[in-house]
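Asks: Sequence and predicted structure below; questions after.
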Amino acid sequence: MEFMGIQISRSKLMSKQELTDYFARFGQSDRILADIRDKYEAAFGNELIWRYPNSDGYHLGFFIVPVKEGFLALPYDEVDREDYEIMIVDDATLLDAESLKHYIDDWLSYTDDLIGAMRDMIRILKQN
């Protein structure tokens, strides 16, 4: 498959089970996810993992991780100074096209509102 302009062999991706087993063995933090980023970077020249920092209504945010089965939403609810995001691996789910479309729409709405608010802030500050 082609993802982000890179030809990806699914056989080189971790499966959802391999990923969850890895977290169960080594810990459920972003520091451990860094190992997977490094593995993907070595195999594909790109870590391929994205952080979606907006709430999905249940969690603070989630990481999107390509796995053999598709794209895994790996949520977090806590951020630690040393370990960064703490994953809730039991809540990891495979994303479908409909949920990804929803997250795109949610992201665009958030950024449009934020940019509008910041432009208003600039206008107000320039008036003073």
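Replies: Everything's here; your move.

Asks: which helix of this protein spans the most residues?
Replies: Longest helix of the chain, by residue count under DSSP state H: helix 97-127.

Asks: What ranges does this structure have for its helices?
Replies: Under DSSP H, the chain gives helices at 16-26, 30-44, 97-127.

Asks: For the second one, name the packing helices and strands.
Replies: What it means is helix 30-44. helix 16-26, strand 61-67, strand 84-87 (3 or more Cβ pairs under 8 Å, 6 or more residues apart in numbering; DSSP states H and E). Glycine gets a C-beta too; all of them are placed from N, C-alpha and C.

Asks: one step back: quick one, which of the helices of the chain is nearest to Tyr84?
Replies: Nearest to Tyr84, of all the helices of the chain, is helix 30-44, at 3.6 Å by Cβ to Cβ.

Asks: tell me the angle the closest one makes with strand 61-67.
Replies: Counting by axes from the mean of the first three to the mean of the last three Cα atoms, to 10 degrees, helix 30-44 lies at 30 degrees to strand 61-67.
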